[in-house]
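*Asks:* fold the stuff below for me.
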Amino acid sequence: SSHSGGTIWPLLDIDVRGSGIPSFFYKTDGEDPVVGVRASRSMDRASKAKKLLKRYMGKSFTMGGETFTYKNAATLVIQDIVRRANKVLSNHIGRTTNKISLARPATITKYELDLLIDAVEAATLADGVTHLEVVGTVLEPAAAALAYLCDPEFGEASAEWEQQTVLVYDLGGGTFDATILTLYPRGIGEGEQKRYYDEETSDGLLIGGQDFTNVMKRILFDTYVRNNKGLLNNTIIDEINRVAEEAKRDLTDYEVYRPSLQAKCDDITRDMFEDASMDLLIRTIDCTENIYKNYIRQHERDQESIAAWRPRKIILTGGASVMPMVKEQLLRVFSKYGYVADDIIIYKTSTAVSIGAARYIDGHDHVKNGCIFQHVTRDIGIKYMTYDGDARIECIKTLVSRGASIPTESKFIVSEPNPRNPNQLVSRYER
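*Replies:* Numbering: from 1, shown residues only. Now for the predicted structure:
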């Protein structure tokens, strides 16, 4: 897809809880590395796998008797994801792509971004030869916010295509970013200078969903030790590692989670989890409030245009932002600035960034061009009637075949007798 046109295809399985393919890397002695879903299928793999790969770009680790850089590990994860996605894409439009629009965290450094782009472009398609090509990058919070504003199914979207400012709270698996952006869904400027957002201010923390999962692990360990006289073994540890993520997600929808452990273990309530992880959450809320106050302070003299520069919405993205306490605490803090519950939007937390990245990209020094190519997803043509003597025949003519690049052009001319005057030909031209 490209800027505001084309079709967005969901290419990876996202379950009802918003879980996609985990960014896991795992290796044992004498075996090839496994990544993604395969690295999370067993309790042993999931507990020992390397995670949060973006957080440690530029560093290395040893696993299975070999030393890897986090960039190398990220390449294998990305390669697995893109190959899976291309299988789905091939089923949809009969072709594959190596073009990548890359969403980047708001607080990533240029050095880290270059490493991430290099990691992507080191990956190959299933042929093992064709390398991926990053054709553009976009800020993750900008991608999520633009996806929300341009979603025709999201109520106000049709009225929200004009310039506006938003605050994005992005609590992902490994990092947290708070960003204020001015968005231009229709774009401003011309040609290569056209842009779709300006980053006003941002800040971030090395806090993410995995940190909240670790809190849940500690709760499960404590309740296990209380009920089983402190007896722990590797099997129980692996089980607790397995169910911790499940418990965190269940408590998003339910008030109580009953651990599926072999040994006796108390139920975990949402209140227990929120109390134990509140310090982590408050750090992200404080960070968000600080950038808001600094932004307001910078603009407080411009009272005449306050409606234009004051953030209209607070948009929550990132898988961990669905935890009920996130919106509750944001509302508690931001109500004093005039925000109400309807101003705090939880929007497609696991897919908004990828949707926005598919539509909006920036140029980058590493990037060879600034566009994503569109392709036709179905055969396109015309249906017309012709005559064979007195018989009326329905004809269908395909003008553009599925998979054709956009823009494309096709011409079609049909000449047939005028049914009212057989001696006269009627020509019809389609383009």
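
*Asks:* so what's the nearest residue to residue 163 once chain neighbours are set aside up against?
*Replies:* Among residues not flanking residue 163 along the chain, residue 184 sits closest, at 5.3 Å (CB to CB, 6 or more residues apart in numbering). C-betas here are computed from N, CA, C, even on glycine. Residues near residue 184 by CB atoms under 8 Å, 6 or more residues apart in numbering: 163, 195, 196, 197.

*Asks:* pLDDT on the host helix or strand of residue 184, on average?
*Replies:* Using DSSP states H and E, residue 184 sits within strand 176-188. Taken as a whole, strand 176-188 has an average pLDDT of 84.

*Asks:* and what of stretch 96-113?
*Replies:* pLDDT averaged over stretch 96-113 gives 86.

*Asks:* and for stretch 208-225?
*Replies:* Rounded mean pLDDT across stretch 208-225 is 88.

*Asks:* so what touches it?
*Replies:* Applying CB under 8 Å, 6+ apart, the set of residues contacting stretch 208-225 is 51-52, 55, 171-176, 232, 236, 240-241, 243-245, 247-248, 259, 261, 263, 265-266, 268, 272-273, 276-277, 280, 318-320, 323.

*Asks:* let's see it at 7 Å
*Replies:* The contact list for stretch 208-225, computed with CB atoms under 7 Å, 6 or more residues apart in numbering, reads 51-52, 171-176, 236, 240-241, 243-245, 247-248, 259, 261, 263, 265-266, 268, 272-273, 276-277, 280, 319-320.

*Asks:* show me what counts as buried in it.
*Replies:* Buried residues in stretch 208-225, counted by 16 or more other CB atoms under 10 Å: 208-213, 215-217, 219-221, 223-224.

*Asks:* stretch 249-263 now?
*Replies:* In stretch 249-263, counting by 16+ other CB under 10 Å, buried: 249, 250, 251, 252, 257, 259, 261.

*Asks:* what about stretch 317-324, start to end distance?
*Replies:* With CA to CA, to the nearest Å applied, stretch 317-324 spans 13 Å between its terminal residues.

*Asks:* avg pLDDT for it?
*Replies:* 88.

*Asks:* what about it, distance to the chain center?
*Replies:* Distance of stretch 317-324 from the chain centroid (CA atoms, centre = their mean, to the nearest Å) equals 13 Å.

*Asks:* which residues touch it?
*Replies:* 18, 141, 144, 168-173, 208-209, 212, 252, 346-347, 349-350, 352-353.

*Asks:* sorry, back to before: make CSV out of the buried residues of stretch 208-225 and add distance to residue 94.
*Replies:* Converted to CSV, these look like this (distance: CB to CB, whole Å):
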residue, distance to residue 94
208, 38
209, 37
210, 38
211, 43
212, 42
213, 40
215, 47
216, 44
217, 45
219, 49
220, 48
221, 51
223, 53
224, 52
